[in-house]
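Colleague: Got a predicted structure here, sequence first:
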Amino acid sequence: QVQLVESGGGLVQAGGSLRLSCVASGRAVSSHVMGWFRQAPGKERESVASINWIAGTVHYADSVKGRFVITKDNAKDTLFLQMNSLKPDDTAVYYCAAGRGPFYCAGYVCPDEYSDWGQGTQVTVSS
C-alpha cells in the first residue's frame, strides 16, 4: 500500500496559479502510475493528468492541456501538479492517486484502476 498526502490547494483568482504536491510513502512508487483527479460538487471524479513513473509518459485531460503540468521528483517520491491560468471551472477537490495496474483505460484515466488515494486538497478559483 502507498500512503499519499496532498498539499498546496487554496483560494486563487481566475488567471492565477497553484502548485499541488503529493508525497508518497510506504511501498515504492517507482513501479506505479500516478495521477491527479478532481471532483467538483455534484460531478463525477475525473482525471486531470497522469504519469507513468518509470517511462515518464504523461497524459492530460483536454480541459487542462496547455495550462497544467504534471511532474515528479524521483528522489523524494513526490508528485506535482502545476496549475496555471486557472478558471472557475477548475474549482474542485483534487486527489492524488497511485496504482500498479493493470490499466485498461487509455491515458490511465479511470479512477477504479487506481488502488491508493490521498485525502484530497480543495482548490477554489474565484471569478
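Modeller: Received, thanks. Predicted, not measured: the structure shown is a model, and the values here were computed from it. Numbering: from 1, shown residues only.
Colleague: Let me see the ranges of the strands in this protein.
Modeller: 2-7, 10-13, 18-26, 33-39, 46-52, 58-60, 68-73, 78-83, 92-99, 116-117, 121-126 (DSSP state E).
Colleague: Just the buried residues of the fourth one, please?
Modeller: Within strand 33-39, the residues scored as buried using 16 or more other C-beta atoms under 10 Å are 33-38. (Glycine included, C-beta is placed from N, CA and C.)
Colleague: List the contacts of the residue lying closest to Cys105 once chain neighbours are set aside.
Modeller: Among residues not flanking Cys105 along the chain, Glu113 sits closest, at 6.2 Å (C-beta to C-beta, 6 or more residues apart in numbering). By C-beta atoms under 8 Å, 6 or more residues apart in numbering, Glu113 lies in contact with 99, 101-105.
Colleague: Which of those has the largest number of neighbours?
Modeller: Neighbour counts for these peak at Gly99, which has 22 neighbours (criterion: other C-beta atoms under 10 Å).
Colleague: list the buried ones in stretch 71-82?
Modeller: 72, 77-81.
Colleague: separation between the residue nearest the centre of the chain and Glu6?
Modeller: The chain has Trp36 as the residue nearest its centroid, 1.5 Å off, counting by C-alpha atoms, centre = their mean. Distance of Trp36 to Glu6, computed by C-beta to C-beta, to the nearest Å: 9 Å.
Colleague: intersection of neighbour lists for these two?
Modeller: With C-beta under 8 Å, 6+ apart as the test, Trp36 and Glu6 both reach 20, 22, 94-96.
Colleague: which two from the buried residues of stretch 71-82 end up farthest apart in space?
Modeller: Asp77 and Leu81 (15.3 Å; C-beta to C-beta).
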